[in-house]
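Undergrad: here are the coordinates; sequence isn't available:
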């Protein structure tokens, strides 16, 4: 057995994966740079300047909720392709499948507690276990489950709206949450901005525990996107894309029509929020639960359609190298950004507003495009991909590209 070769890769998928890495970096920058996970719980206006507020709204509108869903879709698609390939070459596909998830879980643990608390790999590896349950289901069955699971967060939002209405609001809960947030903000600024490495580790663990509560909302969306990816893998829609263009054009139009109004609802609700106890939170979550996945599909189909044009194909091509090194680039983003903002690096935590987040994202991602292209001239995989694949297959994979024997010296 061996990993998928370069010739077997689907070019458009690598480009989409590269684009997803850009969006992930942009959306995550708020959590690298400041205690944003707590800031939204208070009434404080942290970035009063117009340019910072404008940048924050643009990040929310174009990035938030659209790219972890995109990665989730690609994860589900990729794992089924992997499983189908393994089943053709070994009598123990289940063992290799779960070994792959366990290794990813280990990488996630190192990332979450040793680098950055916003890790998504642990969640992917845990939810990924469920993919095996759908591996032999019919495509239509998987699609029905994908829609059903996606309705869970929407139903949960409606349930909480009814509960809050019956209780007459959540002013007390909002006040308590604001006090909790103020305490955590002070702790984050002290630990990440000027604390020792031990203090940073402690704060990172505390922040990750809060992230686990947020995952209660994200998990159904992630699983749903996994299943949409499984559906596309089973129907073969990712192959011979030029023959599938009518399908992609239809999805492009439908998801834009659905996603745009819900995304506007989410952004408007977020901007109007005055406290964590506000009922606008429910509108925000409902907008994100529908608008995020819908615009995720709109983005992906837009890239597929643009790749059919020579000019856009040439413009988007550099993203392919970034996408082929997706795991390595994801981890590198965390290492670089925590070095920029944490005290063991440049100590800029809490000191730079949203406009600077955008600038850092553009500069760092441009370097990743350049570095990824340069790396792939010599190596077949990124360092993280190589480690993951070698441990998955139980033997060391060749990292350096072999010279073409038919090529002139």
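TA: Here it is on my side, so go on. Fair warning: this is a prediction, and the values are worked out from it, not measured in the lab. Residues are numbered from 1 along each chain as shown.

Undergrad: The helix or strand hosting residue 207: how far from the chain's middle?
TA: Using DSSP states H and E, residue 207 falls within helix 197-235. Here helix 197-235 is found 9 Å from its chain centre; the criterion is CA atoms, centre = their mean, to the nearest Å.

Undergrad: pLDDT of that helix, averaged?
TA: For helix 197-235, mean pLDDT is 91.

Undergrad: Mind checking what helix or strand follows that helix in sequence?
TA: Sequence order places helix 245-272 as the next helix or strand after helix 197-235, per DSSP H and E.

Undergrad: since we're on the closest residue to residue 55 other than its chain neighbours, how many residues are nearby?
TA: Leaving aside its sequence neighbours, residue 55 sits nearest to residue 354 (CB to CB, 6 or more residues apart in numbering; 3.9 Å). (Glycine included, C-beta is placed from N, CA and C.) Neighbourhood size, residue 354 [other CB atoms under 10 Å]: 25.

Undergrad: Please apply the same query to the one 10 residues further on.
TA: One way to gauge burial is a neighbour count; for residue 364, by other CB under 10 Å, it gives 19.

Undergrad: Check what pLDDT it gets.
TA: pLDDT, residue 364: 98.

Undergrad: Tell me which helix or strand it sits in.
TA: Assessed by DSSP H and E, residue 364 sits inside helix 354-375.

Undergrad: Need the residues that contact that helix.
TA: Residues outside helix 354-375 that contact it (CB atoms under 8 Å, 6 or more residues apart in numbering): 18, 21-22, 25-26, 29-30, 33, 47, 49, 51-56, 58-59, 318-319, 321-322, 324-325, 329, 332-333, 336-337, 340, 352, 382.

Undergrad: quick one: which of those sit in helices?
TA: 18, 21-22, 25-26, 29-30, 33, 51-56, 58-59, 318-319, 321-322, 324, 329, 332-333, 336-337, 340 (DSSP state H).

Undergrad: what separates the residue positioned nearest the centre of the chain from residue 251, distance-wise?
TA: Residue closest to the average C-alpha location in the chain (CA atoms, centre = their mean): residue 68, at 2.5 Å. Computed as CB to CB, to the nearest Å, the residue 68 to residue 251 distance reads 20 Å.

Undergrad: and what of residue 320?
TA: 22 Å.

Undergrad: Just want to know which of these two has more residues nearby.
TA: When residue 320 and residue 251 are compared for neighbours, residue 320 comes out ahead with 21 against 18, by other CB under 10 Å.

Undergrad: returning to what we had before: in contact with the residue nearest to the centre of the chain, which residues are there?
TA: By CB under 8 Å, 6+ apart, the contact list for residue 68 reads 24, 27, 120, 218, 222.

Undergrad: Look up how far residue 269 lies from it.
TA: 19 Å.

Undergrad: next one: residue 24
TA: Residue 24 is 23 Å from residue 269, by CB to CB.

Undergrad: Next: residue 350.
TA: 25 Å.
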